[in-house]
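Trainee: Build the 3D model from these lines:
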Amino acid sequence: MKRELILEPEAEAEIAEAADWYNEQKSGLGVDFVLAVASTLAAVQRNPLQYQIVWKEYRRAGIARFPYGLIYRLTDRELIVMSCFHGRRNPGAWRDRT
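Mentor: Below is the predicted model:
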C-alpha cells in the first residue's frame, strides 16, 4: 500500500532554505540538493520501514551527498515528513514540533 506523502510546512521551508544556501555556495548545487531530496522521498515511499527509528515513532532517511536527513512518521494511510534536518543541529529543534 502506498501512503499519501505529506510534507509539513516546516519541512518544505527547511528544504527551500537549504537549497538557497547551497545555491549561494555554488550555482546549481541547490538543484542537486532538491533532486537528492526527491530521490530520498521516492525511496522512503517505496519502503518506509527500512529506515531506522530515531525517536519514538519517527524515522530518519539520510540524503545522499548532503549532511541532511528527512525525519518522518507513518500512519496507516500517510507518510508525514516533519523535517529536513541538518545532521549537526540539535535534534530538539524538530522534536519540539511533535
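Trainee: so which strand or helix has the residue nearest the centre of the chain?
Mentor: The centroid of the chain falls nearest to residue 70 when counting by Cα atoms, centre = their mean (2.1 Å). Using DSSP states H and E, the element containing residue 70 is strand 68-74.
Trainee: Tell me what the residue nearest to the centre of the chain is bridged to.
Mentor: residue 61, residue 84 (DSSP bridges).
Trainee: does it really touch residue 42, like I thought?
Mentor: No: counting by Cβ atoms under 8 Å, residue 70 stays clear of residue 42, with 11.3 Å between them. Placement of C-beta: from N, CA and C, glycine included.
Trainee: hmm, back to that, now find how far off-centre the strand holding residue 70 is within its chain.
Mentor: Strand 68-74 has its C-alpha centroid displaced from the chain centroid by 5 Å (Cα atoms, centre = their mean, to the nearest Å).
Trainee: can you check stretch 38-51 too?
Mentor: So, by Cα atoms, centre = their mean, the centroid of stretch 38-51 is 10 Å from its chain's centroid.
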